[in-house]
Structure formats: C-alpha cells, structure tokens
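Novice: show me how the following folds:
(one chain, ligands or ions: 2)
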Amino acid sequence: MQAYLKQLNEAQLAPVLQKEGAMIVIAGAGSGKTRVLTYRIAYLMSQGVDPFNILALTFTNKAAREMKKRISQIVGSSEAKNLWMGTFHSIFAKILRFEADKLGYPSNFTIYDTQDSQSVIRSIIKEMQLDKDIYKYKQVYSRISSYKNSLITVKAYFNNPELQEADAMAKMPRLGDIYQAYVDKCFKAGAMDFDDLLLKTNELLNRFPDVLAKYQNRFRYILVDEYQDTNHSQYLIVKALSDRFQNICVVGDDAQSIYAFRGANINNILNFQKDYDDVRVYRLEQNYRSTKNIVNAANSIIEKNKQRLEKVVWTANDEGNKILVNRTMTDGDEGRFVASSIFENAMSHQLKYDSFAVLYRTNAQSRAIEDALRKKDIPYRIYGGLSFYQRKEIKDVLAYLRLILNPKDEEALKRVINYPARGIGQTTIDRLIVAANHYDRSMFEVMKHIDKIDLKINKGTQGKLQNFVTMIESFQVLNQGYDAFQIAEHVTKKTGLVQELKKDGTPEGIARIENIEELLNGMRDFVEEQKELADTTGSLAEFLEDVALATDLDNEKGDDNRVALMTVHLAKGLEFPYVYIVGMEEDLFPSAMSMNTRSELEEERRLFYVALTRAEKQAYLTYTQSRYRWGKLIDAEPSRFIEEIEDQFLDYLTPITENRYKPLIDTDIFGEVDKSKLRMRKPSSGVPPKGPTESQLRKLRRLKPVSSDTDKNFDLEKANLSEGTMVEHVRFGQGKILKIEGVGADTKAEILFENGGLKKLLLRFAKLKVL
Ligand code: ATP
Ligand code: MG
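Specialist: Ligands and ions are numbered 1, 2, ... in the order given. Coordinates of the predicted model:
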C-alpha cells in the first residue's frame, strides 16, 4: 500500500480504493469527505488514470487549487495541473467556449455578472414602461434565475400556465415578456449570465449527442464535493456526463445543505441511489476537525431537525473548552468584545490572526466588527460583500477590456462610452439604443456606421463616436500580440481613466488609482503564473474569464495573516481554530425571512450547524440586546439556537440570572462593582471581565436612587448624565443611555434597560440614579 493511504482511516480508505462504479459518501462535518476526494484522485492517477480524464467539481476555485496542490505533493509530479478541476461555472464556461458556435454564440462571449444582469433587467423594465415599484428588478432577476436553474426556458415558461399564473398572482403578469427580452438582449450582446453557464451546458449536451459522447469519453471519472448543494441544472449535467461510464463519486452531508433558497435540491443527495445502476454508499463517522465539545454540541443541534438522515459523528480529539456565550448591550459592544477576545487569544496562545474567523448571517453585520478590529489594529479580510472586481473603477477598466474581446457587450459599452467624459450625451446614447433595436444590430455596429444612418446626431458628436470606435479597434489590434497585463496598462493610459482620477484629487480618487494599480499588479502576477503553465499564454481572454468566475474566496492571497470575516454561507467547507459566530439573535439567526415554514427554519438550523462545525478548538457565540437594523434601534432576543444546544456544552461569560437570556448587565462596562471605576471605564477598554456575582448585583440594586430634579430647569450637567452613562431606574432596572436630545425641561434620553428594553424618558421625571 502506498504510504499516503496510511493517512486515511479504514472507512475513508474504502471509497478511495474502489476504482470503478457509482458511489456516494454521506457523512457529517469534518469527517474527511473532501480528503477522500483528494486522495481518491491521487490514487486514480497512481493507477494509471490520465488526469485529463478526471473531472472534479468543487465549491470554490480556491478549493480546487488547494486540492491540486495536495495531489501534486502526493503523486510527486506536476501532472495534477492537467486535472479538470474547479467550480461548475468555471469548468463549463471553458467547455462552452469550445462549443459556442453550436449554440450560435461567439467563443469570446462575455460573462455577465449579477450587476450586469440586473442592469439589463432594469433597462428592460424601463423600456417596457412597467411600474418599477411592482417590477422590482432584483426580484425579477431572481425569478428569472430560478427558472433558468430549473431549466425552464422562455418557451417552457409560455407553455406552462401555472407559472404564468403564479407570476400574475405576484402582480407581475409581464414577467414572461421581460424574461424573453432579457434572453434576447443577452444573446445579442454575445453574453451569458451565470445561470446560462449551466443552462446552456445542458442545452449543449441534450441537443448534440456527439458533443455529449465526446465529454462522456473525456470525463471517465467524475467527482463532486458538497453534492448536497447542487441545483437541478447541475444535477442534470453530472448525470448526463457520468451516464456512460458511471464512474462517479459524490460526497456530501444533507445536514449542511444551505442553498435551497438558490435552488439547491437536497433530493439530489437523497435520490442518488436511484440514479445509477449499482451504487455503493459509504459513511464516515469520525470527525478529525473539532474538539469533543464542539462535535457533541453540533450533534445536539442538528438532532432537532426532522428532515434528516440519521448519522453518527464522533471524535477522538480532546474534550476541549466549552462553547463560550457572550452577551453585550449593543452591536458596537459585540464588535469590541470580539476584537478584544481575538487579541487576547492571539497573545496568550501565540496564534497568528489567520487562526480566527468571525462568521455572521448577513453581510451588514461586518461593519461593527470591522470598526472594532481596526481600532485594535488587528488585520482582517472581508469575504463577500462588494468584491474587488465589483468596485466602480475596476469595473470601468474591465468594461474597456471586455469591449476589446466583445464589442457587442452592451453593458460594458454603456458603462464607458462617455467615461471619462468625451461629450457623448444621454440623448445620443438613447438614440443609439433605439437604432440598435431597430436594425437588430449591436450599439457598437451602429456607431461604426454612424455616418450612413440618419439618427439626427450632429457631425461633431458623430466624430466623437467614431473616435471611440477607432480607439477600441486599436486596442483590438494590440490584443493580437500582447498579454493581458500589457494591454490593460495601455488601456488605462490611453482612455484617460487614470488621468481623470488624478484630476479628481480627493482621497477617494487616490484610493481608486491605487485600486487600479492593484488590478494591474494582479494582472501581471496572473500573466506570469499562466505562462508557467504549458498551454496558456496569459491572454486577455484568459484573464477576463478568471475574473468573471472568481468566487469571493478566490481572491485570497495564500500567506495572509488576517482574521477572516465572512457569512456562514461562504464558510462552508472551511475550518479555523477559533470561530466567533456573532449576532446570535432571533430574527437575525434564524433570519426573520426564513421562519415561515418548518423547512425554512430547518435550513437555518443547518446553517448554524455549518457555522459551529467550522471551529477546531474554540467556538464563541455572541449576541446583543439591541441592534441597529434597517436604520432603527431594535430590541434583540437571544437566538433559539443557543438554547437548543445542550447546557453541558456551554459556558456563559455573562452572569446567568433568573432569566437566562435576559441577564442583568453588560459585562463590557459592568465588570466590577466599584462604582468610581465603572464610570471611568470605557466600553472599548480591554477584554470584558466576568460579570458581577449574584450577591454583588443584589447589593447594587439595594442602593437607593438619588433624588433627581423634577423641576422645570432640568440640568443635564448637574445630573451628571451623558451618552454612555450607566443608570438605574426604579422600575426598569439598570440601563445605558444611548442618546440624549432636547434641552432644559424637554431633555429626553433613549435608554436601553436590562428589564424594559429600549425606552425614551423625559429626564426631569425619570428619577435616574447614576451608577
Ligand atoms: P466539511 O463537511 O466541513 O466539508 P469534510 O468532511 O470535507 O468537512 P475534511 O475537510 O476533509 O472534512 O476534513 C476535516 C479535517 O480533518 C481536515 O483538516 C483534514 O485534513 C482532517 N482529516 C480528515 N481525515 C483525517 C485522517 N484520517 N487523519 C488525520 N486528519 C484527517
Ligand atoms: Mg469538505
């Protein structure tokens, strides 16, 4: 037996050694599913399977790169480079380029990102003069996207009265027409959106049996990670490609299916056994990632789900610490707690910052965490949100580059035709759009022949349009002989983009120039990397493809020593020694939008299971009593998921009181009972100490309120009150002043009370005692 196979346990070894046939590995988090895929590929190669015949589909391109690296180490050669490995989108985009002509697309088709797609839809809604408050473009986009992922084409849509009725019921009877217009526009622009990459692949494999046969022969061995999150479209592709040889190995965990809202179908994993003639089912039970406490706590959570496959997960790892739960008063305090705790842990355990991850349910939560980390000079990196490639200045450069390859790309053209300003106004652009529709040509073609078409555009403007065309065409010539970096460098100079930002001179303008420089640096690295590979040259086309399909995790530089901030969705498959799951509150996690049905709630619970099982050594759950959401301060309640974890696995950093989830005071401020210290203590200072004991609390509560002024000339200064002051109210108990408004007798304060939640009180009546 090869030495590397000794790095697997018996249960893992079995699916690795089964060379042929259909198999599914169903197992809980951290049990080595991804490791099985990696080693299986290495083993196949050692058995003489050509890497060109192996297709492995991963959740991110980064995962694919890491897997390739590991395989290279195992097999001791660079042959792993020849594996077909990546996300569904990146692999099938590549195949679609080879076969594009069969579908009537140019092989240099553009890939529209979500922003581009939504912008097309917005302009269709405008052109069709529909009410944009009813036809919300994002909603329209997501409906169209879900049709595409269920392989419902425009034609199928119009053949299905039920779907049309459903859209009519949703007050969008014209949805089918928008869908049609959208598909037409994308086609005319030589563009595919993300969903097309799967939809068109299906179309290709269905309509052209010879093409199907070709890829069936090529991909003799197929492997899929995170199979529980494949959607219908992806499922059909895998099914079609593996149909001939049936050498397919999928791994997944039904308990980690978290993309149902995007069309992932958990039945794909449940029905796998019916899809192939002879399916072997493997189970792994031993978790290698986490401590006993974390594994058992996660088990106790997922048991609450009714819809699930029974699974055993255990670990031989240490008992470990209990999961630490911390409550704070505000989301700002929560951020400060996380930052202090990370700092403390990093110092006391000599850890690098990349040992830490902060996971949240929604991107908006990152702000408070970021602020606190910045204040403590802790380096971090945010994944998701607005990615680098979606920044305005970067999209501007990319738009020029896209036009070079595909001048029909209307979204790109509209973006830069008059940026930097070159005197081409909106009226002119509108006329071009109308003409393009009328002649059924692209805008660029219309511009090219502007002197032959009467569009009532004056000679001066015509000249400007022609100059633009000439400029793009000169770039196209350049593209014949130079690599991506050289072209981009030329483009940023010649278009005047950088000069425009220099003129701007503001700090934002400078930051933008720096971003463009960063883009160019990245392109240079890309070109160098590509040139090392045998069959690539670092061309512009290769670069744009890479960018279009970069997932949020892909931009990470390897040796980065930073705390990772990301949504739980993005964290799937990853692991970190220390994990902070923040915002553990009702309506946030579980999300308010996902509590309408049991199955939605169960998906939220699976999401929490994913979050918790990312942690290797220590997990923290934090929640706050109040949080700004949708511009308002709202009372928050601790998440039911905290309660669902068996108590023996938890430790509370905050005092437990009669009501476990409404503890009395904010430890962040209220660490010690010495009142003089209390007043001086800033919320951000240091690590929150343990809270006061019950007896200390009782003592505090016995302190009589100082009689406060009730006269009309209420004096804020004299009363010693200001924002952030801790006070006590006879009825509502202790609280913190969040805001003070008004003057004199009208002075009011917004106070967050431990017992009463958020209250606005007129101070001259409030009889507050300063603590
Ligand atoms: P997830 O469900 O989160 O995707 P997974 O089942 O894919 O998890 P892996 O990521 O493959 O699990 O493995 C979890 C961790 O355990 C990794 O760090 C991996 O290297 C380690 N591991 C897996 N199997 C073994 C083993 N037999 N011996 C030592 N370490 C192992
Ligand atoms: Mg995995």
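Novice: how much space between the residue lying closest to S257 once chain neighbours are set aside and F158?
Specialist: Leaving aside its chain neighbours, S257 sits nearest to Q228 (4.0 Å; criterion: C-beta to C-beta, 6 or more residues apart in numbering). Backbone N, C-alpha and C define where each C-beta goes, glycine included. When distance is defined by C-beta to C-beta, to the nearest Å, Q228 is 33 Å away from F158.
Novice: one step back: the residue nearest to S257 against A260, yeah?
Specialist: No. No contact is recorded between Q228 and A260 when judged using C-beta atoms under 8 Å, the distance being 9.9 Å.
Novice: show me whatever sits in contact with both of those two.
Specialist: I266 (C-beta atoms under 8 Å, 6 or more residues apart in numbering).
Novice: name the residue in the two with the higher neighbour count.
Specialist: Q228 (25 against 18; other C-beta atoms under 10 Å).
Novice: can you pull the poorly scored residue ranges out of the protein?
Specialist: 385-386, 533-535, 551-559, 655-714, 717, 755-756 (pLDDT under 70).
Novice: next, the residue nearest in space to the middle of the chain: secondary structure please.
Specialist: Central residue check for the chain by C-alpha atoms, centre = their mean: the C-alpha nearest the mean position is that of G384, 4.2 Å away. Remark: G384 carries the secondary structure label coil [criterion: DSSP: H, G, I helix; E, B strand; the rest coil].
Novice: the residue nearest to S257 belongs to a strand, doesn't it?
Specialist: No. Q228: not assigned to a strand; according to three-state DSSP it is helix.
Novice: doesn't K155 make contact with V183?
Specialist: No. Counting by C-beta under 8 Å, V183 does not reach K155; the two are 10.0 Å apart.
Novice: can you pull the contacts of the residue in the stretch 501-650 of the chain that ligand 1 sits nearest to?
Specialist: When C-beta to the nearest ligand atom is the measure, the stretch 501-650 of the chain has its nearest residue to ligand 1 at G573, with 4.3 Å between them. For G573, the contacting residues are T34, F59, T60, A63, D225, E226, taking C-beta under 8 Å, 6+ apart as the criterion.
Novice: now the two most distant members of those.
Specialist: The largest distance within these, taken as C-beta to C-beta, falls between T34 and T60 and amounts to 11.6 Å.
Novice: the two: who's more crowded?
Specialist: Comparing T34 with T60 by neighbour count (other C-beta under 10 Å), the higher total belongs to T60, at 23 against 19.
Novice: next, give phi and psi for the more buried one.
Specialist: Dihedral angles of T60 (phi, psi; degrees, to the nearest 10) stand at phi -130, psi 160.
Novice: that one and F88 touch, don't they?
Specialist: No. At 11.1 Å, T60 does not count as touching F88 under the criterion of C-beta under 8 Å.
Novice: could you measure from G423 over to ligand 2?
Specialist: If you measure G423 against ligand 2 using C-beta to the ion, to the nearest Å, the figure is 55 Å.
Novice: check the secondary structure at the residue nearest to that residue when sequence neighbours are not counted for me.
Specialist: Nearest non-adjacent residue to G423, counting by C-beta to C-beta, 6+ apart: K464, 5.3 Å away. Using three-state DSSP, the secondary structure recorded for K464 is helix.
Novice: which helix or strand contains the one residue in the chain that gets nearest to ligand 2?
Specialist: Sorted by distance to ligand 2 under C-beta to the ion, the residues of the chain start with T34, at 3.3 Å. Element membership for T34, per DSSP states H and E: helix 33-46.
Novice: and that helix, how far from the chain's centre?
Specialist: Per C-alpha atoms, centre = their mean, to the nearest Å, the displacement of helix 33-46 from the mean C-alpha position of its chain is 28 Å.
Novice: right, and the helix or strand after that helix?
Specialist: On the C-terminal side of helix 33-46, the closest following helix or strand by DSSP H and E is strand 54-57.
Novice: could you list the buried residues of that next one?
Specialist: Burial within strand 54-57, assessed by neighbour count using 16 or more other C-beta atoms under 10 Å, is assigned to I54, L55, A56, L57.
Novice: contacting residues for the last one?
Specialist: Residues in contact with L57 (C-beta under 8 Å, 6+ apart) are M85, G86, T87, F88, I91, I222, L223, V224, D225, Q234, V238.
Novice: so which bits of the stretch 501-650 of the chain are right by ligand 2?
Specialist: Contacts of the stretch 501-650 of the chain with ligand 2, taken as C-beta under 5 Å from the ion, map to G573.
Novice: which stretches of the stretch 501-650 of the chain form strands?
Specialist: For the stretch 501-650 of the chain, applying DSSP state E, counting those that start in this stretch gives strands covering 563-567, 576-581, 615-624, 626-629, 632-635, 650-652.
Novice: want to throw those strands into TSV with mean neighbour count and distance to L403?
Specialist: Converted to TSV, the strands of the stretch 501-650 of the chain look like this (neighbours: other C-beta atoms under 10 Å; distance: least, C-beta to C-beta, whole Å):
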stretch	mean neighbour count	distance to L403
strand 563-567	24	33
strand 576-581	24	41
strand 615-624	25	46
strand 626-629	18	41
strand 632-635	13	44
strand 650-652	16	57
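Novice: quick check: buried residues in the longest helix along the chain?
Specialist: Once the chain is assigned using DSSP state H, the helix that runs over the most residues is helix 507-532. Buried residues in helix 507-532, counted by 16+ other C-beta under 10 Å: R512, I513, N515, I516, L519, L520, G522, M523, R524, F526, V527, Q530.
Novice: same question, stretch 452-459
Specialist: Counting neighbours by 16+ other C-beta under 10 Å, one finds that the buried residues in stretch 452-459 are I453, I457.
Novice: circling back: out of the contacts of L57, who's the most crowded?
Specialist: Using other C-beta under 10 Å as the neighbour definition, the contacts of L57 reach their maximum at L223, which records 27 neighbours.
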